[in-house]
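Participant: Attaching a predicted model along with its sequence, questions to come.
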Protein chains: 2
Amino acid sequence: MAEAAHLAIGDLARLTGTKVNTIRFYEEGGLLPRAERTAAGRRVYRDADTRRLAFIRQSRSLGFPLDAVRELLTLADDANQPCEAVDRIARVHLAEIDRKIANLSALRSELDRVIGSCRQGTVADCKIIETLGPRAIF
Amino acid sequence: MAEAAHLAIGDLARLTGTKVNTIRFYEEGGLLPRAERTAAGRRVYRDADTRRLAFIRQSRSLGFPLDAVRELLTLADDANQPCEAVDRIARVHLAEIDRKIANLSALRSELDRVIGSCRQGTVADCKIIETLGPRAIF
DNA sequence: ATACGACCTCCAGCTACTGTAGGAGCAAGC
DNA sequence: GCTTGCTCCTACAGTAGCTGGAGGTCGTAT
C-alpha cells in the first residue's frame, strides 16, 4: 500500500522506459485513455495506466503494429473474450514476420553473391556496379 | 538505331517498372538529374536516364537505402574510382540486413513461444495476454 | 526573486514513396 | 474546329511510429 497512486508523465516514462513524447503520442492515438489533468493542465496517471502502457510496450517489443496493439488491448480489457481472437492476431503477426525474414534472406543471398564477385579493381570492371547496371532492359 | 531517343515520363515509367510519381521523386531528391522540358514543360528523357533509373531500381531492389544509392551512382559515374568504395557500401548494407534478420528471428522465436502456450480458453487465462501484461515492472 | 526542471501544445522531420486535387497539353476522331 | 480521353504538370497530404524542438507555463528550492 501507500505507493505513489498519482504519477506525473515523467514518472510514468521512467517506470516504463518510454519517452514522454511517446506517451503523449499513445494518448493521441487512443492507446492510452486521455489522462486526467491537474488544475494547471498536467497529466496525472494511476497504476492502471502504468499497466496499460507496459502492455503496449511489451506488445510493441514483440513487433505488433499499433493497430494490432489496439485490438489486443480491447480484447485484454474483457476477460470473457475468447482467447481465440488473441491467438489469431498473434499468428497473423507471426506470418508477417516470417514473410519479412524470407524477403531479407533472399536479399541477403543475392547481395552476398554480388559482393563475392568483386575483384577489387576499379569501378570500370567492378562486378557489383555491373550487377546494378541495366541488363534485363537492354 | 532509330529507336525512341526521347521518352516521356510515362514511357520511362513503363520501361523501368517505376511509377511516374516515383521518377519525379527521384528527380526531386537528386538521384536523377533534372530532366529537360519541352516548351510545354513536360519532362523529356534519353537513354542515359533510362540506364540511370534502372541502376537505381536495381539497387533499391537489393535494399540499398537512397543515401547508399546516391553514393553508388557517384562512384559508378567515374570508371576510375576504386571498386573498394563500392564493396564497402555493399558490405555495410549486408551487415545491416544481417542485423535485421537476427532481430526478426529473435522476435519470431519469442512470438512462437508465446503463441504455443495458448490453450484456447478465454482472455482471463490467455497465456498470450499474460505474457504481454506487466511482469518485470511489478 | 529567481533559477531550474518538468510540464504544456503544436509542429516539423525521419524513409521511400503513393495517391490525389486541380489544372493544362496533345492527338485522334468527327 | 471541337470534343473526348489520355498524359502530363505542380503541390500537397498521407503512410508507421515515433522523435525532437520551439516557445511558453508551472512548481519548487534557494
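Facilitator: Arrived safely, thanks for sending.
Participant: Which helix in chain A has the most residues?
Facilitator: helix A:83-116 (DSSP state H).
Participant: which helices and strands does that helix pack with?
Facilitator: Packing contacts for helix A:83-116, counted by 3 or more Cβ pairs under 8 Å, 6 or more residues apart in numbering or on different chains; DSSP states H and E, involve helix A:66-77, helix A:127-132, helix B:83-116, helix B:127-132. (C-beta placed from N, C-alpha, C; glycine too.)
Participant: which parts of that helix are buried?
Facilitator: A:83, A:86-87, A:89-90, A:93-94, A:97, A:100-101, A:104, A:107-108, A:111, A:114-115 (16 or more other Cβ atoms under 10 Å in any protein chain shown).
Participant: How far off centre is it?
Facilitator: Offset of helix A:83-116 from its chain centre (Cα atoms, centre = their mean, to the nearest Å): 15 Å.
Participant: Alongside DNA strand C, which residues does chain A contribute?
Facilitator: A:8-11, A:13, A:20-21, A:24, A:35, A:37, A:41-43 (Cβ under 7 Å from any atom of the strand).
Participant: for residue A:26, what are its contacts?
Facilitator: A:32, A:53, A:56 (Cβ atoms under 8 Å, 6 or more residues apart in numbering or on different chains).
Participant: Skipping adjacent residues, who's closest to residue A:92 in space?
Facilitator: With Cβ to Cβ, 6 or more residues apart in numbering or on different chains as the criterion, residue A:92 has its nearest non-adjacent residue at 7.7 Å, and that residue is residue A:68.
Participant: before we move on, back to that, tell me which of the buried residues of helix A:83-116 is nearest to DNA strand C?
Facilitator: residue A:107 (13.1 Å; Cβ to the nearest atom of the strand).
Participant: Go through the helices and strands packed on helix A:83-116 and name the closest to residue A:121.
Facilitator: helix B:83-116 (5.3 Å; Cβ to Cβ).
Participant: between the buried residues of helix A:83-116, which is nearest residue B:72?
Facilitator: Closest to residue B:72, out of all of those and judged by Cβ to Cβ, is residue A:114, at 11.7 Å.
Participant: quick one, what contacts that closest one?
Facilitator: Applying Cβ under 8 Å, 6+ apart, the residues contacting residue A:114 are A:127-128, A:131, B:62, B:90.
Participant: ok, now how distant is it from residue A:38?
Facilitator: Applying Cβ to Cβ, to the nearest Å, the value for residue A:114 to residue A:38 is 59 Å.
Participant: Kindly state the domain boundaries assigned to chain A.
Facilitator: A:1-62, A:82-138 (automatic domain parsing).
Participant: Now do the longest one, average pLDDT.
Facilitator: Same thing as domain A:1-62. The average of the pLDDT scores along domain A:1-62 is 93.
Participant: How about the shortest one?
Facilitator: Average pLDDT, domain A:82-138: 87.
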